[in-house]
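>>> sequence and predicted structure are below.
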Amino acid sequence: MVTEGPEAHGFSSGIWNCAMIAKLIVLKFSVCYNLNYLPSLLKKLGLSYQKARFISDRQDEEKYEQARKVWLEETLPALIKKAKEEKAVVLFWR
């Protein structure tokens, strides 16, 4: 079933993930597997998996460090100074 691909089993993605395989196993066999165990189970069955590679959005590290330095040494102190002058509060949201 895994080699047929997820779309053959009603999933909209063309790439399997552990949660989808676990759901397929539950639907077909009424057996629940821990998501952390499935990669090793698949390996024992002769299947392999690939992990997504993290690629930083900071491709140009030198440019990032320069922008960070400007923020810390110029922009942030200016914001804090202006906030104090206006008796305002500076909030950061991520």
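Alright, I've got the coordinates. Values in this document were obtained by computation on a predicted structure and should not be read as measured data. Residues are numbered from 1 along each chain as shown.

>>> could you dump the top helix by length along the chain to PDB, C-alpha only?
Ranked by residue count under DSSP state H, the longest helix found in the chain is helix 18-29. Output of helix 18-29 as PDB, limited to C-alpha atoms (Å, rounded to 0.1, in the frame of the first residue of the first chain):
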ATOM      1  CA  CYS A  18       4.200   9.200   9.200                       C
ATOM      2  CA  ALA A  19       0.900  10.600  10.300                       C
ATOM      3  CA  MET A  20      -0.700   9.600   6.900                       C
ATOM      4  CA  ILE A  21       0.800   6.100   7.100                       C
ATOM      5  CA  ALA A  22      -0.400   5.700  10.700                       C
ATOM      6  CA  LYS A  23      -3.900   6.700   9.600                       C
ATOM      7  CA  LEU A  24      -3.800   4.200   6.700                       C
ATOM      8  CA  ILE A  25      -2.800   1.400   9.000                       C
ATOM      9  CA  VAL A  26      -5.600   2.300  11.500                       C
ATOM     10  CA  LEU A  27      -8.200   2.400   8.700                       C
ATOM     11  CA  LYS A  28      -7.100  -0.800   7.000                       C
ATOM     12  CA  PHE A  29      -6.000  -2.900  10.000                       C
END
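
>>> please enumerate residues in contact with the helix or strand just after it?
Later in the chain than helix 18-29, the nearest helix or strand by DSSP states H and E is helix 38-44. For helix 38-44, contacts defined as C-beta atoms under 8 Å, 6 or more residues apart in numbering pick out V2, C18, I21, A22, Y33, S48, Y49. No exception for glycine: its C-beta is placed from N, CA and C like everyone else's.

>>> give me the number of residues near the fourth one?
A22 is surrounded by 17 other residues when neighbours are defined as other C-beta atoms under 10 Å.

>>> thought it was touching Y33?
Yes - using C-beta atoms under 8 Å, A22 is in contact with Y33, at 5.6 Å.

>>> roughly how far apart are the residue of the chain most remote from its centre and E73?
Distance from the centre of the chain peaks at E85, with 40.6 Å (C-alpha atoms, centre = their mean). Distance of E85 to E73, given as C-beta to C-beta, to the nearest Å: 19 Å.
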